[in-house]
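In: Sequence and predicted structure are below.
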Amino acid sequence: MYAYDELDRTLINERVSEFRDQVKRRLSGELTEDEFKMLRLQNGVYLQLHAYMFRVAIPYGTLSSRQLRQLAHVARRYDRGYGHFTTRQNIQFNWIKLAELPDALADLAEVGIHAMQTSGNNTRNVTSDQWAGVAPGEIEDPRIWSEILRQYTTLHPEFSFLPRKFKFAITASAHDRAAIKIHDIGLRLHKNAQGETGFEVMVGGGLGRTPFIAKTIRTFVHGSDLLSYVEAIMRVYNQYGRRDNIYKARIKILVHELGIERFAQEVEEEWQQIRDGALKLDDSVVEEIRSRFTYPAYEKLAHMPDELRKAAHDPHFEAWRRNSVFPHKVTGYAIVTLSLKPVGGPPGDATADQMDALADLADKYSFGEIRVGHEQNLALPHVARRDLPALWKALDKIGLATPNVNLVSDIIACPGLDYCSLANARSIPIAQELTRRFSNHDTANLIGRLHINISGCINACGHHHVGHIGILGVEKNGEEFYQITIGGRADENAQLGSLVGPAVPYAEVADVIEDIVEAYLALRASPDELFVDSVKRLGVEPFRERVYATR
Amino acid sequence: MPLVKNGKISDDAFVHVVDDAPLPPDGAILISAARFLEDPEAISRRLGKTGVVWPNNRDVDDLVPYLDRLAAVALVFPTFRDGRAYSQARLLRERFLYHGELRATGQVLRDQFVFMLRAGFDAFEVRKQADAEVFAQTAKRYSVFYQPTGDGRVTALNRRMQLRHSESAGL
């Protein structure tokens, strides 16, 4: 965990008091809604279909049990008793009252949580691998650098009014769990031949109506140069990014229009002017940040304790263990993913009671730490393997042991037309119907790893382009229709999916998805060939033929 | 529209002169970049200080050769959300070492004051009287800063390092 010091806490409190003043001015009429809009957006407050929505940052997806309890408190005290975890390590509350927002922020500030820059045209929450610091084979903990970036981007005096929003993601593992290639800047931590830490910098990724996979702008930027290099990119973007059309304002469009070589050259020229300036990171500064991350005092434990051996006879436990429990860098420990995708439930939602109960379980079994991943699931990052059976029973009681992690019903979905003023179509009911269709665990296991991502409009908050199966809601003559793509992925081999056929009406979506899955089961080379690999090998055509021949 | 300078509401020493109006023979003037660049020499020979309103979509590089003869540069925020002039301001101050008045014009509200001060602005044409009146306290709203800019405020990182050093020195 990163421990905020007095300076971090002071800044958050100053922000709360500023926001209190802004809300007061809005309520008194001193600020028009138009003027207030820009200010509230800088604090994660959207006006949705029914109410204000409040988005809170969970930087690099790390939460303490105390922080999770405070999120539960906010859900209970200011909202309707639940929160919604998003694809960018944020949590959203959908029913907040404007006049109470400053109090909610002040409550969160007590535990070092804030909503700064969770919306608006600025640098958003810096996201990272939810397994950071515990994944086997990781080069080093990317959260040190995420925190450096969090501080650097918070209330940046030059880059708080960018052409459009700006998102960073960072990973230090070979397998990318942070979807860095669909971010404005994606950072892959690696070491050079001298063993020094640096980053492959990728730029211009993003989804929305013009999706792009990020391009590598530099294969190695030394850690000490990270901030100056990032500042150079953002300065070029701030000055030359388009501001005439919000749909063309993201950095991906600038990179695309200039071409990556030209863009890289502009950045290089700017960087050479500033790289030896005040942004240079001394080792001592990095160490200072590193020293405020604490790690559990792990015990020396057996890899296969008796408790686990015994529990292996219980098929329900085994079903859960096989898809929810992952290897940890320390022998005898495991990372446990908690599915927020119960059958028939909205993806990513957790009730205040669940959050409180989970905070207790984290204290008991995970050194008081919880993680949030971009797949809208949670994780306990340091569970002793001997505790897995007991933890499973406790999770099952609070509805957090659905054994579907990475399976077909582990669906990513945006809030869609049920909440969002931008949406063209509903997302949540589609997800709910699909979890019911695929609720048979044996069938889901037979299908294997398959990610379905659903967005209720072209803004792509549900990351439909990079779902193995992507579902995009559109509006056609006042009716909800859905375009379906296959073959997308968001990992180190990130790729955009391809359309499988014409859009289908709401009532037919689940049937079409079932047909696609059946086609896959018939077409796959072997049970080991994942859906996304079959699509890669065969292309879209055989799927189209089977799914649309009779439609 | 009130002008805030040196932290308080002040009289504006500069007169905005629109492009087709004749230039007054003396006194401080603020004119457009286009008019200034038409004949910088002639304008510089005038009695009285010269200030230039520089658009936010033109590189400040074009203004750099003339900086030493300008008493003011006014940068433009056509809307609250258009932040290009923050980059221009930092470049003028930090890269081109411009020391004259750097004025923020356009949609300038109290919520930008701290950002603008940090970027190097020292004069503000504030849209609302009420905002101008609270300038001093608004400017002090934040005491912690994460980024190094040319304004000299010590960053949080450096404060922590100083603290560490004084601790290890036993102070």
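Out: Cool, got the structure. Numbers count the residues shown, from 1 in each chain, chains lettered A, B, ... in the order given.
In: Quick check: chain neighbours aside, which residue is closest to residue 159?
Out: Unless you meant another one, I'm taking chain A. Closest residue in space to A:Phe159, ignoring its immediate chain neighbours: A:Met234 at 5.0 Å, by C-beta to C-beta, 6 or more residues apart in numbering or on different chains. For every residue, glycine as well, the C-beta is placed using N, CA and C.
In: try chain B instead
Out: A:Leu7 (6.4 Å).
In: now swap in A:His156 and tell me
Out: Counting by C-beta to C-beta, 6+ apart, B:Gln147 is the residue found nearest to A:His156 once chain neighbours are left out, at 5.6 Å.
In: What of A:Leu530?
Out: A:Leu530 sits nearest to A:Arg449 (C-beta to C-beta, 6+ apart), 5.2 Å away.
In: any idea where the helices of chain B begin and end?
Out: B:33-38, B:40-45, B:84-90, B:113-119, B:129-133, B:135-139, B:156-168 (DSSP state H).
In: Could I get the buried residue list for the second one?
Out: Neighbour counts using 16 or more other C-beta atoms under 10 Å in any protein chain shown place B:40, B:43 of helix B:40-45 among the buried residues.
In: ok, residues contacting that helix?
Out: Outside of helix B:40-45, the residues within contact range by C-beta atoms under 8 Å, 6 or more residues apart in numbering or on different chains are B:23, B:31, B:35-36, B:50, B:66, B:69.
In: which of these are close to chain A?
Out: Here nothing survives when the contacts of helix B:40-45 are matched to chain A using C-beta under 8 Å from any C-beta of the partner chain.
In: so of those, which ones are in strands?
Out: B:31, B:50 (DSSP state E).
In: of all the contacts of helix B:40-45, which two lie farthest apart?
Out: With C-beta to C-beta as the measure, no two of these lie farther apart than B:Leu23 and B:Tyr66, at 16.4 Å.
In: hang on, isn't A:Phe293 packed against A:Tyr60?
Out: No: A:Phe293 lies out of contact with A:Tyr60 (C-beta atoms under 8 Å); the separation is 10.6 Å.
In: between the two, what contacts are shared?
Out: A:143, A:147.
In: and chain B, which residues reach chain A?
Out: So chain B meets chain A at B:59, B:80-84, B:86-88, B:90, B:95, B:109, B:111, B:114-116, B:118-119, B:130, B:141-149, B:155-157, B:159-161, B:164 (C-beta under 8 Å from any C-beta).
In: Which single residue in chain B comes nearest to chain A?
Out: Nearest residue of chain B to chain A: B:Gly83, at 2.7 Å (C-beta to the nearest C-beta).
In: Distance check, that residue against A:Asn238.
Out: Going from B:Gly83 to A:Asn238 by C-beta to C-beta, to the nearest Å gives 6 Å.
In: May I have the predicted confidence score for the nearest residue to A:Leu47 once chain neighbours are set aside?
Out: Once flanking residues are discounted, A:Leu47 sits nearest to A:Ser421: 7.0 Å by C-beta to C-beta, 6+ apart. On the pLDDT scale, A:Ser421 is placed at 88.
In: what about A:Ser421, how many neighbours?
Out: 11 (other C-beta atoms under 10 Å in any protein chain shown).
In: and A:Pro198, what are its phi and psi?
Out: No, residue A:198 isn't Pro; it's Gly. Torsion angles at A:Gly198 (phi, psi; degrees, to the nearest 10) stand at phi -160, psi -170.
In: Let me see the contact set for it.
Out: Here A:Gly198 is in contact with A:189-192, A:220-223, A:225-226 (criterion: C-beta under 8 Å, 6+ apart).
In: That one bridge partners, please.
Out: Using DSSP bridges, the bridge partners assigned to A:Gly198 are A:His190, A:His222.
In: what do you get for the one 4 residues further on?
Out: Beta-bridge partners recorded for A:Met202 (DSSP bridges): A:Gly186, A:Thr216.
In: Could you report the distance from it to A:Gly133?
Out: On the measure of C-beta to C-beta, A:Met202 and A:Gly133 end up 22 Å apart.
In: which parts of the longest helix along chain A are buried?
Out: In chain A, taking DSSP H as the definition, the longest helix is helix A:6-27. Using 16+ other C-beta under 10 Å as the test for burial, helix A:6-27 gives A:7-8, A:11-16, A:18-19, A:21-23, A:25-26.
In: from the stretch 151-300 of chain A, which residue is nearest to chain B?
Out: Counting by C-beta to the nearest C-beta, the stretch 151-300 of chain A gets nearest chain B through A:Phe161, at 2.7 Å.
In: surely that residue meets B:Tyr86?
Out: Yes: in this structure, A:Phe161 is within contact of B:Tyr86 by C-beta under 8 Å, at 6.9 Å.
In: which residues in the stretch 151-300 of chain A form helices?
Out: Assigned helices in the stretch 151-300 of chain A, in chain order: A:226-240, A:251-258, A:260-274, A:283-291 (criterion: DSSP state H, counting those that start in this stretch).
In: Show me the contact partners of the second one.
Out: Counting contacts by C-beta under 8 Å, 6+ apart, the residues outside helix A:251-258 that touch it are A:164, A:166, A:184, A:203-206, A:210, A:212, A:214-215, A:233, A:236-237, A:240-242, A:263, A:266.
In: Kindly write the PyMOL command that selects the buried subset of those residues.
Out: Listed next is the PyMOL selection for buried residues among those, using 16+ other C-beta under 10 Å:
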select buried, chain A and resi 164+166+184+203+204+205+206+212+214+215+233+236+237+240+241+242+263+266
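In: just to revisit the earlier point, thinking the residue of chain B closest to chain A is in contact with A:Leu162, fair?
Out: Yes: when contacts are counted by C-beta under 8 Å, B:Gly83 is listed as touching A:Leu162 (6.3 Å).
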